[in-house]
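In: one predicted model, sequence on top.
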Amino acid sequence: MDPTQVLAPRRRWTLDAVVYNEKEKQPGEGVAVALGLWDGRPVLAMRWNGTDSNPTGHPQSRGFPTWFIIPEKFRKSIQENLSPESQARVQRFFAGP
C-alpha cells in the first residue's frame, strides 16, 4: 500500500509527509514512517505497507489502513535511523513555526 494514501481516520489524522518508505523484501520489512497531526498535535507515525497477500498492511481498522502513533519517548530513536534529510525535516516539524 502506498503510505501517502493512508488517510484514516480522517477525523483524527492529517498526513504531512512520509519521511521513510521501504518496500518489503523479507517478512517484517516494508515499513513507512510519517509526520502528521493527530487531533491537531504533531506526531511521528509508523506502519507496515503490506504485501501481495495483505495489501492493506498493518495497522488497519475495519479494513482501512491506518498509522500507529509513535510515543514521544521513542521518537528520537526512530528519527536517528532516518536519512539526514528526513532527520532535519522531523526536527523542523516538531520545532514548529
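Out: Yes, it's here. All values derive from a computational prediction rather than experimental measurement.

In: need phi/psi at residue 85.
Out: Main-chain torsions, residue 85, degrees, to the nearest 10: phi -60, psi -40.

In: number of nearby residues for it?
Out: Neighbourhood size, residue 85 [other C-beta atoms under 10 Å]: 9. Heads up, the C-betas are built off the backbone N, CA and C, glycines and all.

In: ok, it to residue 92 distance?
Out: The spacing between residue 85 and residue 92, counted by C-beta to C-beta, to the nearest Å, is 11 Å.

In: likewise residue 83?
Out: Residue 83 is 14 Å from residue 92, where distance means C-beta to C-beta.

In: what's the answer for residue 40, then?
Out: Distance, residue 40 to residue 92, by C-beta to C-beta: 18 Å.

In: who's more crowded, the two?
Out: Shown here are residue 40 and residue 92; by other C-beta under 10 Å, residue 92 has more neighbours (11 against 7).

In: so that one sits in a helix?
Out: Yes: counting by DSSP: H, G, I helix; E, B strand; the rest coil, residue 92 is part of a helix.

In: wait, residue 67 touches residue 16, no?
Out: No: counting by C-beta atoms under 8 Å, residue 16 is not a contact partner of residue 67; they are 11.4 Å apart.

In: between the two, who's got more neighbours?
Out: Comparing residue 67 with residue 16 by neighbour count (other C-beta under 10 Å), the higher total belongs to residue 67, at 24 against 14.
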